[in-house]
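*Asks:* I would like the atomic coordinates for the input below:
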Amino acid sequence: MAVLSLKPVYFPPANGSWLQRRGSRSGRYGNGIIRCGIAEPSGEPAPMGQKTKYNDGFFEKVFMTLFARKMEKFAAANSKTTKKGWLEHDYESFVDVSKRVMQGRSRLQQQEVVREVLLSMLPPGAPAQFRKLFPPTKWAAEFNAALTVPFFHWLVGPSQVVEVEVDGVKQNSGVHIKKCRYLENSGCVGMCVNMCKIPTQDFFTNEFGLPLTMIPNFEDMSCEMVYGQVPAPFEEDPVSKQPCFADICSLANPSSTICHKLQA
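*Replies:* You can find the predicted model right below:
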């Protein structure tokens with residue numbers, strides 16, 4: 001199920017729309033891109049090799065705190081880490097919790113932790129309700145792609161809905177993440193794959209019943225999300241052979257041709 005095209009899709013905001021108001025407070029809205037929180041003068045992510053600066057607001061810190069606190073229950077103890085109060089988490093501390101979740105766990109165990117965290121964020125019966133509201137149709141795939149842009153910018157940075165081709169059908173169910181904030185802050189291939197890509201794909205595909213494929217680009221840290229496309233088995237996915245970012249990852253094993261966190 002190849003993605004054959006990636007074309008930006010423009011959604012003109014209605015006057016006074018939530019997206020327009022949100023963009024006016026924390027970033028620029030145009031060409032269908034939400035740039036909330038970007039502190040770079042250009043309003044765009046920093047070039048490869050540089051870390052993008054963000055100005056996180058109240059809502060961004062709420063999400064960081066919620067996810068960090070849920071994940072903290074599974075994280076390895078750290079004598080240097082002090083318990084943070086409400087809204088004291090920033091993105092760096094959120095990433096640190098993710099790294100500590102990885103410690104002492106296999107690839108599959110890491111993915112299971114993320115699944116449990118995601119389920120814990122939902123009310124009982126939510127996956128079943130999602131399946132009723134969003135059966136695996138073109139409309140459902142496009143709707144969820146549109147929601148991803150404003151609601152997950154805190155996690156992955158600015159993104160844009162794009163046109164993709166799934167099973168020979170063109171649809172606006174792709175999301176192009178310009179430079180994934182999670183990947184650039186962790187610098188870790190294993191975290192990208194085990195703590196984000198695979199569990200997110202599995203969650204949407206198996207819990208929600210809406211197929212999702214995520215295609216990270218380790219050359220520029222961008223990523224494509226394709227709603228409606230069934231993900232390939234891990235062993236057939238190119239990410240399974242990806243080496244570490246030896247120069248920037250604190251967990252890297254430079255002597256291994258494949259990231260050791262993908263082998264465990």
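*Asks:* which regions of this protein sit below the pLDDT cut-off?
*Replies:* 1-36, 79-82, 86, 264 (pLDDT under 70).
*Asks:* list the buried residues in whichever strand or helix holds P150.
*Replies:* With elements taken from DSSP states H and E, the one containing P150 is helix 138-151. Using 16 or more other Cβ atoms under 10 Å as the burial criterion, the residues of helix 138-151 that qualify are A140, A141, E142, F143, N144, A145, A146, T148, V149, P150. To be clear about C-beta, it is placed using only N, CA and C from the backbone, and glycine gets the same treatment.
*Asks:* next, format those as a markdown table and append distance to C244.
*Replies:* Listed next are the buried residues of helix 138-151 as a markdown table, based on distance: Cβ to Cβ, whole Å:
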| residue | distance to C244 |
| --- | --- |
| A140 | 36 |
| A141 | 33 |
| E142 | 36 |
| F143 | 37 |
| N144 | 32 |
| A145 | 30 |
| A146 | 34 |
| T148 | 28 |
| V149 | 30 |
| P150 | 33 |
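*Asks:* so who does the residue most central in space within the chain touch?
*Replies:* Residue closest to the mean C-alpha point of the chain, counted by Cα atoms, centre = their mean, is V156 at 5.0 Å. For V156, the contact set (Cβ atoms under 8 Å, 6 or more residues apart in numbering) comprises I177, C180, R181, Y182, C223.
*Asks:* pick out the most distant pair among those.
*Replies:* Of all pairs drawn from the contacts of V156, the greatest distance, 10.4 Å, lies between R181 and C223 (Cβ to Cβ).
*Asks:* next up, phi/psi of Q171, please.
*Replies:* Reported as degrees, to the nearest 10, the phi and psi values for Q171 are phi -150, psi 160.
*Asks:* quick one: the spatially closest residue to it that is not a sequence neighbour from A145, how far?
*Replies:* Of all residues not flanking Q171 in the chain, K138 sits nearest, at 5.0 Å (Cβ to Cβ, 6 or more residues apart in numbering). As for K138, its distance to A145 is 11 Å (criterion: Cβ to Cβ, to the nearest Å).
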